[in-house]
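Asks: Okay, structure incoming, though there's no sequence with it:
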Ligand code: ADP
Ligand code: MG
């Protein structure tokens with residue numbers, strides 16, 4: 001049921017907020033089945049870029065295509081419908097249990113309407129049961145099985161970050177947008193999450209666009225990297241090449 005991974009093409013995106021150009025003519029491509037990292041100092045425009053890709057913000061100019069299809073200006077649910085799922089820099093979970101949150105992730109794949117589900121019609125009940133089983137499977141994959149029926153509010157931060165990742169995976173995306181998936185985690189949790197992301201890519205063959213601060217994480221996971229600074233693309237290439245780029249060193253070291 002996983003949406004096939006397709007090429008994401010970001011072409012010349014510009015986003016302005018009252019007097020501030022948050023993204024200035026930014027272009028990059030994520031090839032199907034690869035991990036592409038979007039890095040850069042705080043305020044570089046990384047989250048803004050995610051918000052454009054997922055339909056939350058509208059770009060002043062430029063376009064985005066997924067699998068050759070224009071997604072520029074599509075509302076968030078339509079973007080999700082094409083198999084693009086995301087997580088947020090700051091955790092966004094609804095009240096309720098881990099299972100409740102993961103079932104929301106399944107929404108894109110649910111066929112029975114609200115009425116059929118509310119009336120517990122047999123077809124709808126069977127479908128819900130199938131979704132719940134798949135959600136439990138994904139929870140298990142992320143080591144969340146013990147938490148499945150627990151309220152998310154009571155869970156430690158690192159576990160809630162994993163619930164968000166699980167919810168995104170529950171949409172069976174072809175492209176996963178991860179905004180700082182290890183921010184605020186301790187070193188052990190970071191390594192564990194890096195391994196999980198690598199395993200997800202390997203097992204599902206999906207593409208990942210990863211916004212990350214931690215260079216070690218990027219070196220470990222990314223096939224290719226785009227570096228932003230003050231809304232501009234300053235470098236693009238393999239992690240090794242980008243790490244030695246003088247413009248990148250200047251941006252990171254503030255020289
Ligand atoms: P990053 O994720 O790389 O740290 P952001 O994309 O969050 O950076 O922010 C880029 C710039 O745009 C920052 O200067 C930020 O203050 C500004 N910005 C982001 N979102 C908004 C908004 N909704 N309104 C006004 N300014 C914003
Ligand atoms: Mg950000």
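Replies: Okay, I see it. In this text, all values refer to a predicted model and were calculated from it rather than measured experimentally. Ligands and ions are numbered 1, 2, ... in the order given.
Asks: Closest residue of the protein to ligand 2?
Replies: Per CB to the ion, residue 47 is where the chain lies closest to ligand 2, at 3.2 Å. In this view, the C-beta of every residue, glycine as well, is placed from N, C-alpha and C.
Asks: ok, now which ones touch that residue?
Replies: Going by CB atoms under 8 Å, 6 or more residues apart in numbering, residue 47 touches 89, 179, 211.
Asks: Which positions in the stretch 1-150 of the chain make contact with ligand 2?
Replies: Residues of the stretch 1-150 of the chain lying close to ligand 2 by CB under 5 Å from the ion are 46, 47, 89.
Asks: Of these, just say which sits nearest to residue 75.
Replies: Nearest to residue 75 out of those is residue 47 (CB to CB; 18.6 Å).
Asks: what about the closest one, which helix or strand?
Replies: Element membership of residue 47 [criterion: DSSP states H and E] is helix 46-53.
Asks: outside of the very next helix or strand once past that helix, which residues touch it?
Replies: Downstream of helix 46-53, the first helix or strand assigned by DSSP H and E is strand 61-66. Strand 61-66 is contacted from outside by 6-14, 25-27, 52-53, 70-72, 82, 84, 175, using CB under 8 Å, 6+ apart.
Asks: Distance from the helix or strand following strand 61-66 to the middle of the chain?
Replies: Once the chain leaves strand 61-66, the next helix or strand it forms, by DSSP H and E, is strand 69-70. Strand 69-70 has its C-alpha centroid displaced from the chain centroid by 19 Å (CA atoms, centre = their mean, to the nearest Å).
Asks: May I see the buried residues of whatever helix or strand comes next after strand 69-70?
Replies: The helix or strand immediately downstream of strand 69-70 is helix 76-81, counting by DSSP H and E. The neighbour-count check on helix 76-81 (16 or more other CB atoms under 10 Å) flags 79, 80 as buried.
Asks: cool, stretch 224-243 as well?
Replies: 224-236, 239, 242-243.
Asks: Just the mean pLDDT for it, thanks.
Replies: Mean pLDDT, stretch 224-243: 94.
Asks: Also stretch 189-207?
Replies: 90.
Asks: For that stretch, which outside residues touch it?
Replies: If you take CB under 8 Å, 6+ apart as the criterion, stretch 189-207 is touched by 2, 5-6, 8, 30-36, 141-142, 158, 161-162, 165, 169, 173-176, 178, 181-182, 185, 208, 210, 214, 217, 220-221.
Asks: Quick check: ChimeraX command selecting the buried ones in the residues you listed.
Replies: Burial among the contacts of stretch 189-207 is assessed by 16+ other CB under 10 Å; the matching ChimeraX selection reads:
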select :5,6,8,30,33,34,35,36,141,142,158,161,162,165,169,173,174,175,176,178,181,182,185,208,210,214,217,220,221
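Asks: What about the buried residues of stretch 224-243, which are in helices?
Replies: Members of these lying in helices (criterion: DSSP state H): 239, 242, 243.
Asks: Would you mind giving those residues as CSV with distance to ligand 2 added?
Replies: As requested, these are exported to CSV (distance: CB to the ion, whole Å):
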residue, distance to ligand 2
239, 20
242, 19
243, 20
